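Novice: take this sequence and fold it.
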Amino acid sequence: MTKKARTILFLICLALFILTAPTIILYSQGYRVDIDSKKITQTGGLFLKVIPKQVEVFIDGKLKKKTDFFFGSALIENLLPRKYKIEIKKEGYELWEKNLEVKEKEVIEVKNIVLIPKNQNFSILTENAKEFWFSPDEKKIILLEEDKSSSPPSLLLRKSSVSEKTETGWALKLYDLERNVKSHLVDEYSFISTSRYARVIDEKDIYSKGADLLELEFSSDSKEIFLEVGVEEQLKYFTLEIDKVPPVLTERKIASTPEDIVTSQVFNGENYYLDNSGHLFKNPSIAKGEDERKFIDYGEKITEKPFPIKAETEYKLNIFPENIFLWENKTLYLFSPNSKSFEKFFENASLLTISPDNKKLVLISDYEIWILFLKEIANQPQRKAGEQLFLVRLSEKIGDCFWLNSDYLIFNAANKIKIAEIDDRDKTNIVDVAEFESPEIFWNQFDKKLYILSGNNLSQSEKLLP
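Specialist: You can find the predicted model right below:
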């Protein structure tokens with residue numbers, strides 16, 4: 001090749017380099033030609049993290065990527081800045097979809113997507129249940145059941161009394177979820193003193209004056225339950241040690257609550273209580289036992305301005321990290337550290353529950369769901385501490401509500417059980433899980449199953465989360 005030819009070739013290559021280098025550099029930095037606007041613009045991206053893993057991600061109806069096997073995530077790059085319809089699909093699961101706007105030089109993140117299994121199968125765990133209570137560790141269930149076999153001690157009654165019994169009593173049963181075993185704890189007649197039967201002549205009187213279970217509460221270690229029982233028009237208190245075989249039932253004496261105490265709650269080892277002057281106090285709590293309702297002294301006064309206490313009105317405290325709420329019937333008040341008083345926060349409230357990450361509260365009215373952010377949320381969508389979010393309003397009255405995890409709720413509205421995300425960008429994804437007649441529900445974080453009491457049957461779902 002001659003020197004002239006080499007020179008010409010070099011100049012051609014140089015010209016091509018000068019022409020293409022900026023394009024290559026701009027492309028590598030995420031710049032693209034937007035045909036719609038006929039402009040060069042910088043692209044953005046989309047990062048998704050989904051439960052379960054290996055789901056299909058569709059953008060504007062086209063399959064773009066599958067989430068990976070190890071982390072269940074997918075990063076989709078080089079998206080022009082505009083709105084996209086995002087759909088996430090997996091066979092056997094409900095569709096998740098949302099319209100999200102991608103912006104220049106930004107990655108839109110949706111890190112907490114949960115796909116809900118379709119056609120949930122529910123199996124009956126136990127029949128003949130009237131009420132149920134889960135232990136704090138969520139590994140045990142106390143069941144209140146009708147019990148036709150329960151009867152007074154037969155040695156103190158004539159045989160005809162037992163054989164002629166027609167009324168149905170009640171019994172408490174223990175269901176151990178780890179061992180999948182149900183066992184008998186006590187029945188109605190365990191709470192009636194045997195001395196009473198010794199003086200009863202008319203066997204009909206035995207069955208007309210039974211015992212009524214008024215309140216049941218678990219100990220914090222899930223080893224005991226504390227019972228308030230009405231026996232012959234008297235209130236009696238019992239401790240039932242359910243971790244022993246056989247269970248041990250003992251009567252306990254409760255010191256009466258001082259008349260000037262309106263309501264109280266123990267939180268983090270301290271007892272908070274509101275007195276009838278309208279002031280909130282706290283002092284060290286007393287261990288559960290005979291004097292559990294006795295207060296040593298008034299302790300530290302928290303409020304400066306008294307709350308106006310009304311007669312014949314129900315009050316209740318709900319205490320969370322950094323927040324103290326006071327219920328006056330269905331009106332909710334929040335303690336303000338600035339004014340050191342309770343200020344009206346929400347009317348017509350029915351339920352207030354903290355999320356597993358302790359960063360959010362769900363507030364339920366009859367037909368609405370609100371989210372209160374206790375702490376700043378750095379992940380998208382970002383939230384400020386104290387921010388309130390109106391999530392959804394339904395046509396049916398909302399009953400029970402639980403946090404499925406820190407980003408999803410599970411609740412029942414009328415006869416339908418639903419799961420809803422709390423990400424309000426675009427529409428809120430809400431899925432119907434099941435339908436039961438007048439259900440009472442409990443979401444168990446221990447085994448990730450939903451428990452439903454309906455028609456005296458306690459049913460359980462399959463595992464909803466990994």
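Novice: show me the domain layout of this structure.
Specialist: 43-114, 123-252, 264-460 (automatic domain parsing).
Novice: can you get me the start-to-end distance on the longest one?
Specialist: Using C-alpha to C-alpha, to the nearest Å, the end-to-end distance of domain 264-460 comes out at 34 Å.
Novice: from the middle of its chain, how far away would that domain be?
Specialist: Distance of domain 264-460 from its chain centroid, counting by C-alpha atoms, centre = their mean, to the nearest Å, is 9 Å.
Novice: same deal with the first one?
Specialist: Shown here is domain 43-114, whose average C-alpha point lies 27 Å from the average C-alpha point of the whole chain (C-alpha atoms, centre = their mean).
Novice: what sits against the residue positioned nearest the centre of the chain?
Specialist: In the chain, the centroid-proximal residue (C-alpha atoms, centre = their mean) is F402; its distance is 2.4 Å. With contact taken as C-beta atoms under 8 Å, 6 or more residues apart in numbering, F402 is in contact with 353, 409-411, 441-443. For every residue, glycine as well, the C-beta is placed using N, CA and C.
Novice: which pair of those residues spans the longest distance?
Specialist: Within those, L409 and F442 form the most distant pair, 13.8 Å apart (C-beta to C-beta).
Novice: ok so, going back, possible to save the domains of the chain as a markdown table with mean pLDDT and distance to A5?
Specialist: Formatted as a markdown table, the domains of the chain follow (pLDDT from 0 to 100; distance: least, C-beta to C-beta, whole Å):
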| stretch | mean pLDDT | distance to A5 |
| --- | --- | --- |
| domain 43-114 | 95 | 40 |
| domain 123-252 | 77 | 83 |
| domain 264-460 | 92 | 58 |
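Novice: format those as TSV; extra columns: distance to L11.
Specialist: Shown next, in TSV, are these (distance: least, C-beta to C-beta, whole Å):
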stretch	distance to L11
domain 43-114	34
domain 123-252	78
domain 264-460	51
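Novice: returning to that earlier point: what separation is there between the residue nearest to the centre of the chain and K448?
Specialist: 12 Å (C-beta to C-beta, to the nearest Å).
Novice: list residues touching both of those two?
Specialist: Residues touching both F402 and K448 do not exist when contact is defined as C-beta under 8 Å, 6+ apart.
Novice: I'd say L80 and E101 touch.
Specialist: No: using C-beta atoms under 8 Å, L80 is not in contact with E101; the gap is 11.2 Å.
Novice: what about the two, which has more around it?
Specialist: L80 (17 against 13; other C-beta atoms under 10 Å).
Novice: what about that one, distance to D60?
Specialist: 11 Å.
Novice: same deal with A171?
Specialist: 60 Å.
Novice: strands - which of the contacts of F402 land there?
Specialist: Filtering the contacts of F402 for membership in strands, criterion DSSP state E, returns 353, 409-411, 441-443.
Novice: now these in TSV, with neighbour count?
Specialist: Converted to TSV, the ones in strands among the contacts of F402 look like this (neighbours: other C-beta atoms under 10 Å):
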residue	neighbour count
T353	16
L409	24
I410	22
F411	23
I441	21
F442	19
W443	24
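Novice: and these, which is closest to E241?
Specialist: For the ones in strands among the contacts of F402, the nearest to E241 is F442 (23.5 Å; C-beta to C-beta).
Novice: how about the nearest residue to that closest one, chain neighbours excluded?
Specialist: Leaving aside its sequence neighbours, F442 sits nearest to Y451 (C-beta to C-beta, 6 or more residues apart in numbering; 4.5 Å).
Novice: cool, L75 as well?
Specialist: F47 (5.1 Å).
Novice: G278 too?
Specialist: P306 (3.3 Å).
Novice: ok, what's across the strand from the residue nearest to F442?
Specialist: F442, Q460 (DSSP bridges).
Novice: surely it meets N444?
Specialist: Yes: using C-beta under 8 Å, Y451 makes contact with N444 at a distance of 6.2 Å.
Novice: okay, and the common contacts of these two?
Specialist: Counting by C-beta under 8 Å, 6+ apart, the residues touching both Y451 and N444 are F134.
Novice: the two: who's more crowded?
Specialist: Counted by other C-beta under 10 Å, Y451 and N444 do not tie: Y451 has more neighbours, with 22 against 18.
Novice: from L125, how far out is the more buried one?
Specialist: Distance of Y451 to L125, computed by C-beta to C-beta: 7 Å.
Novice: quick check: neighbours shared by the two?
Specialist: The overlap between the contact sets of Y451 and L125 (C-beta under 8 Å, 6+ apart) consists of 458-460.
Novice: can I get those residues in JSON lines including neighbour count and distance to P258?
Specialist: Below are the shared contacts of Y451 and L125 laid out as JSON lines (neighbours: other C-beta atoms under 10 Å; distance: C-beta to C-beta, whole Å):
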{"residue": "L458", "neighbour count": "23", "distance to P258": "39"}
{"residue": "S459", "neighbour count": "22", "distance to P258": "44"}
{"residue": "Q460", "neighbour count": "20", "distance to P258": "43"}
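Novice: nearest to D275 among the residues you listed?
Specialist: The closest of those, once distances to D275 are taken by C-beta to C-beta, is L458, at 40.4 Å.
Novice: how about the nearest residue to K98, chain neighbours excluded?
Specialist: D426 (4.6 Å).
Novice: I figured that neighbour hits I108, correct?
Specialist: No: with contact defined as C-beta under 8 Å, D426 does not count as touching I108 (11.4 Å).
Novice: neighbour count: the two, which is higher?
Specialist: Taking other C-beta under 10 Å, D426 and I108 do not tie; I108 has more neighbours (20 against 14).
Novice: ok, the more buried one to S406 distance?
Specialist: In terms of C-beta to C-beta, I108 sits 20 Å off from S406.
Novice: likewise for F69?
Specialist: Distance check for F69 against S406: by C-beta to C-beta, it reads 24 Å.
Novice: which of those two has more neighbours?
Specialist: S406 (15 against 8).
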